[in-house]
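>>> from the sequence below, what's the structure:
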Amino acid sequence: MPPEGHAGASPAHTETHAVQGHGGHHEYKLGDIPGPWLLFSNGLLVALVLIAFGYRASRKLAEIPGGWQNVGEMVVETFVGFTRGVIGEGGEKHVPLVGTLFLFIYISNLWGQIPGFHSPTANLSTTLALGLIVFFYVQIWGIRQRGLRGYLGHFWGPIPLAGILLFPIEVISELVKPFTLAMRLFGNIFGEDTVIIVLATLSIGLLPLAPVFPLHFPVLILGLLTTFVQALVFTLLTCIYISLQSHHDDHHGEEAGHAAPAHS
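This next block holds a predicted model:
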């Protein structure tokens, strides 16, 4: 006579064990967030692609650029103009961060469009790591620009009594920024990849009826645009956060410059 537990096993319980491996590890299913190894391997491949591009573009530099060097210089000039346009004069100092973020995010987003690969940015671990990099970079830059006292003072605000209420609100809003960056990027890319996989699976079942029009093709074309937009939004917000810290001293310098002749 079989044990009572096995005799009363429900179909849901049996199905749960069916999707587990022999070692008890949960296998990847459609809609699951990929595991750490899949995330690491795809992220490493994206990083190697960027390193290879940087090496190829900077090898054998010439005064008259051509080929890969021309492409590399065009990319750098684009980021210099972008950072100056958003941050202002001196924004080119942040091109290494902004450019690396954009290229890594953009290539990672496109990576999931290749059959057999997965977008590293479709995992919350990756996007949160990127958000934390931006967060710590902005805070360190703010301290360097304002000094520790001025950095903490901007959370308090100009009115001492109002600062009692403003300080915790400003601190919380600052701490939330990396999570909003991470969730926005993760949600869009993970949702897009999932929709493409679902429609591609349906297309396989409908091949006898519609062999010339895969259902996921329109979403795939739209994904080429959204991957660029998501990378642009992430880097644009990064530049805005840096700009909020960069122009504090400039404004005070201008006010002091206007006030000095009047005082004299």
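>>> outside of the helix or strand hosting residue 70 itself, list whatever touches it.
Using DSSP states H and E, residue 70 sits within helix 68-87. Contacts to helix 68-87, defined as Cβ atoms under 8 Å, 6 or more residues apart in numbering, come from residues 53-54, 56-62, 65, 90-92, 94-95, 98-99, 102-103, 235-236, 239-240, 242-243, 246. Using the backbone N, CA and C atoms, a C-beta is placed for each residue, glycine as well.
>>> now do stretch 227-242: distance to the chain's middle.
8 Å (Cα atoms, centre = their mean, to the nearest Å).
>>> how about the closest residue to residue 177 other than its chain neighbours, secondary structure?
Leaving aside its chain neighbours, residue 177 sits nearest to residue 135 (6.1 Å; criterion: Cβ to Cβ, 6 or more residues apart in numbering). Recorded secondary structure, residue 135: helix (DSSP: H, G, I helix; E, B strand; the rest coil).
>>> right, and residue 135 touches residue 179 too?
No - using Cβ atoms under 8 Å, residue 135 is not in contact with residue 179, being 9.2 Å away.
>>> comparing these two, which shows the higher neighbour count?
Between residue 135 and residue 179, residue 135 has the larger neighbour count (other Cβ atoms under 10 Å), namely 20 against 15.
>>> okay, the more buried one and residue 241: tell me how far apart.
Distance of residue 135 to residue 241, computed by Cβ to Cβ, to the nearest Å: 8 Å.
>>> quickly list what's touching both of those two.
residue 177.
>>> state the distance from residue 164 to residue 52.
Distance from residue 164 to residue 52, by Cβ to Cβ: 54 Å.
>>> buried ones in stretch 132-146?
133-135, 137-138, 141-142, 145-146 (16 or more other Cβ atoms under 10 Å).
>>> wait, which of those is closest to residue 117?
Here the nearest of the buried residues of stretch 132-146 to residue 117, counting by Cβ to Cβ, is residue 133; it sits at 23.3 Å.
>>> what sits against that closest one?
Counting by Cβ under 8 Å, 6+ apart, residue 133 has contacts 97, 101.
>>> ok, residue 42 next?
Counting by Cβ under 8 Å, 6+ apart, residue 42 touches 108, 111, 117-120.
>>> in helices, which of the residues you listed fall?
108, 111 (DSSP state H).
>>> name the helix or strand of this structure that has the lowest mean pLDDT.
Sorting the helices and strands of the chain by mean pLDDT, DSSP states H and E puts helix 11-18 at the bottom, at a mean of 39.
>>> beyond it, next helix or strand please.
helix 36-58.
>>> list the buried ones in that next one?
Neighbour count says helix 36-58 has 39, 42-43, 46, 53, 57 buried, by 16+ other Cβ under 10 Å.
>>> low pLDDT regions in the chain?
1-35, 196-197, 200-219, 247-264 (pLDDT under 70).
>>> host element of residue 245?
Using DSSP H and E, residue 245 sits within helix 217-246.
>>> report the distance from that helix to the chain centre.
8 Å.
>>> ok, now stretch 58-65?
31 Å.
>>> residues near residue 161, how many?
Residue 161: 8 neighbours (other Cβ under 10 Å).
>>> the helix or strand in which it is found vs helix 217-246, what angle?
Per DSSP H and E: residue 161 is located in helix 160-205. If you take axes from the mean of the first three to the mean of the last three Cα atoms, to 10 degrees, helix 160-205 sits at 160 degrees to helix 217-246.
>>> same for helix 160-205, what does it pack against?
In terms of contacts (3 or more Cβ pairs under 8 Å, 6 or more residues apart in numbering; DSSP states H and E), helix 160-205 is packed against helix 124-156, helix 217-246.
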